[in-house]
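# Let's see this in three dimensions:
(one chain, ligands or ions: 3)
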Amino acid sequence: MISLNGSSLLSNTGISTSFSQSRRNVPSSPSIVMVAQSNNNPNRKEKKIGAVSSNGSTTSAAVNEIKEIDCKSTIASGGVQDFYGEDQATEDQLVTPWTTSVASGYSLLRDPHHNKGLAFSEKERDAHYLRGLLPPTVVSQDIQVKKMMHNMRQYKVPLQRYMAMMDLQNMNERLFYKVLINNVEELLPVVYTPTVGEACQKYGSIFRRPQGLYISLKEKGKILEVLKNWPEKNIQVIVVTDGERILGLGDLGCQGMGIPVGKLALYTALGGIRPSASLPVTIDVGTNNEALLKDDFYIGLRQKRATGQEYSELLDEFMSAVKQVYGEKVLIQFEDFANHNAFELLAKYRKTHLVFNDDIQGTASVVLAGIVSALKLVGGTLAEHTFLFLGAGEAGTGIAELIALEMSKQTKAPIEETRKKIWLVDSKGLIVKSRKESLQHFKEPWAHDHEPIRNLLDAVKSIKPTVLIGSSGVGQTFTKEVVEAMSSFNEVIAVSQLYLHLHLHLHLYLFDEADIGAYNDMQKPVILALSNPTSQSECTAEQAYSWSNGRAIFASGSPFDPVEFNDRVFVSGQANNAYIFPGFGLGLIMSGAIRVHDDMLLAASEALAAEVSQENYDNGLIYPPFSDIRKISAQIAAKVAAKAYELGLATRLPQPLNLVQYAESCMYSPDYRSYR
Ligand SMILES: NC(=O)C1=CN([C@@H]2O[C@H](COP(=O)(O)OP(=O)(O)OC[C@H]3O[C@@H](n4cnc5c(N)ncnc54)[C@H](OP(=O)(O)O)[C@@H]3O)[C@@H](O)[C@H]2O)C=CC1
Ligand SMILES: CC(=O)C(=O)O
Ligand SMILES: [Mg+2]
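Numbering: from 1, shown residues only. Ligands and ions are numbered 1, 2, ... in the order given. Below is the predicted model:
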């Protein structure tokens, strides 16, 4: 007998046996010394009772010997043997979490990495002691996928679908990824935004089995040991949050764990990173969410958030421990930190670690790609457009800076100049020079000369942007008046541009109504409502199309169903960093990159924009469909890796000749493996 600890204790379902060959998928001769050890039962003494050979021949002997342990005094009422002394123990007595460790297939069925459920072949059932543990039928993985989707579609409540998917992930990892990859467009809204937002809000009450690693203030000084508790050793990507800005839902404390878990599921499904190489982490420094602090089911520390030195010391310890345990090349993705920490953490650790802030950098890359694509539909170069943001935080200023950088590269103008084409509104109004003294540092570059303006509508009317981007985390802020204003003056600009165009290029001075109509039709306002989840979207797809009279080029952070307006069906795109981070991370990992550089974000953006087909454009789309995401991720990974080599930041040498092929060859496949 051995005592259970770590992840095996957490995945124990009552009866626990460990099938030690299966984990490594190689023939082995485990010699498991079975030791009975009790610290609460005076009648039980430490006893070495045997060893089990790889063919399991001594299993029954060993089990018989276990039964020899004197347990006369552990008969619980009703005649059921309290074999482990657990029923007899009172609440304040300590018990050891026992398990027997024999070469049986029972634990194989409960090992999510290797379980295949009914897909175990006859041969595997014989070889791995599964006879009798499964019903007789043998089914293919494809049938399992079909069944899972059939069952999933019976649930009408999205959170039930989420829970069904999480249960599957905890039960049969390969099937989970096969289901997700094969049905990515249908299931992305389930495992990711918007449903993951609701899951985080209710994480305590839906909590079944822990996923990921929780590092709280209690672990201060012990983070190295905590990391070593994680069962996998070859970690390549960590997604970490402190839960303070979960989507647009605010501070969800420890319950933010749903985000790293969800993002890493996408790393595997969309980017092909091996699940065993990924580690979701939640840093719990408390929460300022009063409702959660009072919630009986809350799973985190019940205290106000630690800040200042206490906070930065914990983060510092975590960052050093990660590097010590997993090395220089582990990618650490910061996710959903509040902006007062996010910018600082990125600035501090980008010099010493391979870090990437998805909300600042990934979002910037995906939105730049969408805008570059949109230019095909609305005309002009990046520098000829004017941008207005609602929201000047991580997403807003991150995107703004990357657009300004790309503009600067294209026009050779200094970035200080190109920034002037970009305006941002925060909760206090338009960011202007007169506010400079009181601005957070990341807003300062955007304080241009302009009179103060308090609200978005007035800012839209004054700035007359061609592109409006919502990154405020506040729903319904792109009102009818805002969208109508965006549409109206883009029309006016269209007419004046038409005059200019005819005059300068065609030397024509006359035109008819049809010309104006055709040209105006091309002048469409670009409206991106990035805030997640759906409830926080600045406007819905239906509102964008109807209020703009069908002229908006629209994309949103969370998906919307197609909209019928004026006998036309409008399909909107999803402007979400999920297009970028999986391929971006793959590119870093496969090149052995040691640092992230802004030029890699531009490279990723270019790769994504290049994947939008003419057919997509014809349908008004500025992003390719998610159904092609693995192919897209390979293209992104290749461009990012190429940039890493070019910048001298890659350590995997020699550089593979064909980076796209190499990226594809690195990708995890969820197909079942055959067991000896
Ligand atoms: N689609 C995607 O891929 C992504 C979407 N997002 C979404 O973007 C949203 C914002 O994220 P992030 O930038 O990290 O958050 P931040 O908290 O860093 O920034 C929010 C910004 O919005 C401003 N703001 C808040 N309320 C209002 C209001 N009523 N009117 C005007 N401005 C307001 C804030 O103003 P102030 O500074 O004055 O407080 C702040 O500048 C979230 O909903 C998130 O889910 C984020 C990343 C990626
Ligand atoms: C998509 C994302 O990262 C966010 O909304 O925070
Ligand atoms: Mg995020």
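# From now on I want contacts and neighbour counts done on CA atoms only, so please keep to that.
OK.
# Need the mean per-residue confidence for stretch 603-610.
Stretch 603-610 carries an average pLDDT of 98.
# what sits against the residue in the stretch 401-550 of the chain that ligand 3 sits nearest to?
Relative to ligand 3, the nearest point of the stretch 401-550 of the chain is N532 (8.8 Å; C-alpha to the ion). By C-alpha atoms under 8 Å, 6 or more residues apart in numbering, the contact list for N532 reads T193, P194, L247, G248, G473, G557, S558.
# Turn these into JSON lines, columns for pLDDT.
Output for these, formatted as JSON lines (pLDDT from 0 to 100):
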{"residue": "T193", "pLDDT": "98"}
{"residue": "P194", "pLDDT": "98"}
{"residue": "L247", "pLDDT": "98"}
{"residue": "G248", "pLDDT": "98"}
{"residue": "G473", "pLDDT": "98"}
{"residue": "G557", "pLDDT": "98"}
{"residue": "S558", "pLDDT": "98"}
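# buried subset of those residues?
Buried members of the contacts of N532, counted by 16 or more other C-alpha atoms under 10 Å: T193, P194, L247, G248, G473, G557, S558.
# now, which of these sits nearest ligand 3?
Nearest member of these to ligand 3, counting by C-alpha to the ion, is L247, at 5.8 Å.
# Confirm for me that that closest one is in contact with E335.
No: counting by C-alpha atoms under 8 Å, L247 sits too far from E335 to count as a contact (9.4 Å).
# In which helix or strand does the spatially most central residue of the chain reside?
Nearest residue to the geometric centre of the chain (C-alpha atoms, centre = their mean): K263, 1.6 Å. In this structure, K263 sits in helix 258-271 according to DSSP states H and E.
# Show me what that helix is in contact with.
Against helix 258-271 from outside (C-alpha under 8 Å, 6+ apart): 177, 180-181, 191-192, 196-197, 199-200, 203, 211-212, 239-241, 246, 273-275, 278-282, 335, 578, 581-583, 585-586, 629-630, 633-634, 667-668.
# And for stretch 222-239?
6-7, 213, 215, 219, 260-261, 263-264, 276-281, 317-318, 321-322, 325-326, 329-335, 585, 589.
# and if you look at stretch 179-192?
Residues contacting stretch 179-192 (C-alpha under 8 Å, 6+ apart): 145, 148-149, 158-159, 161-162, 165, 195-196, 259, 262-263, 269-270, 558-559, 626-627.
# who's in contact with the residue of the stretch 501-650 of the chain found nearest ligand 3?
Nearest to ligand 3, among the residues of the stretch 501-650 of the chain, is N577, at 8.0 Å (C-alpha to the ion). Shown in contact with N577 (C-alpha under 8 Å, 6+ apart): D358, D359, G362, T363, S365, V366.
# How about it: what's its closest non-neighbour residue?
For N577, ignoring the flanking residues on the chain, the nearest one in space by C-alpha to C-alpha, 6 or more residues apart in numbering is T363 at 4.8 Å.
# Is the one you found located within a strand, as I assumed?
No: counting by DSSP: H, G, I helix; E, B strand; the rest coil, T363 falls outside a strand, being helix.
# Would you confirm that it contacts A395?
Yes: T363 is in contact with A395 according to C-alpha under 8 Å; the separation is 6.2 Å.
# higher neighbour count, these two?
T363 (29 against 25; other C-alpha atoms under 10 Å).
# In this protein, where is pLDDT below threshold?
1-89, 95-104, 490-522 (pLDDT under 70).
# Show me what from it comes close to ligand 3.
E335, D336, D359 (C-alpha under 5 Å from the ion).
# Run through the residues that contact the first one.
Spelled out, that is E335. V239, V240, T241, I259, P260, N357, D358, D359.
# The residue in the chain that ligand 2 sits nearest to and K218: what is the separation?
Nearest to ligand 2 in the chain, going by C-alpha to the nearest ligand atom, is L247, at a distance of 4.1 Å. Distance, L247 to K218, using C-alpha to C-alpha, to the nearest Å: 26 Å.
# With Y298 instead?
17 Å.
# Quickly note the distance from E310 to Q324.
21 Å.
# of these two, who's got more company?
For E310 versus Q324, the count of surrounding residues by other C-alpha under 10 Å is larger for E310: 14 against 11.
# any idea which helix or strand carries the more buried one?
In the assignment (DSSP H and E), E310 maps to helix 308-326.
# ditto for I332
strand 331-334.
# which helices and strands sit right next to that strand?
Contact analysis of strand 331-334 by 3 or more C-alpha pairs under 8 Å, 6 or more residues apart in numbering; DSSP states H and E lists strand 237-241, strand 354-357, helix 581-591 as its packing neighbours.
# L279 looks like it's in a helix, true?
No: with three-state DSSP as the criterion, L279 is located in strand rather than a helix.
# That one is in contact with G212, isn't it?
Yes: using C-alpha under 8 Å, L279 makes contact with G212 at a distance of 6.3 Å.
# Those two: who's more crowded?
L279 (23 against 19).
# okay, now P112: neighbour count?
P112 has 20 neighbouring residues, counting by other C-alpha under 10 Å.
# just checking, it touches M171?
Yes: using C-alpha under 8 Å, P112 is in contact with M171, at 4.6 Å.
# Only alpha carbons, please: show stretch 246-256 as CSV.
These are the backbone C-alpha positions of stretch 246-256, laid out as CSV (Å, rounded to 0.1, in the frame of the first residue of the first chain):
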residue,chain,number,x,y,z
ILE,A,246,-11.4,38.7,-15.8
LEU,A,247,-12.7,39.6,-19.2
GLY,A,248,-14.9,42.7,-18.7
LEU,A,249,-16.3,41.2,-15.5
GLY,A,250,-13.9,42.7,-13.0
ASP,A,251,-12.2,41.1,-10.0
LEU,A,252,-13.1,37.4,-9.7
GLY,A,253,-10.1,36.6,-7.5
CYS,A,254,-9.1,33.0,-7.4
GLN,A,255,-12.1,32.0,-9.6
GLY,A,256,-10.3,33.5,-12.5
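# Now do it: everything it contacts.
Residues outside stretch 246-256 that contact it (C-alpha under 8 Å, 6+ apart) are 197, 200-204, 241-245, 259, 282-289, 292, 298-301, 336-337, 472-474, 531-533, 536.
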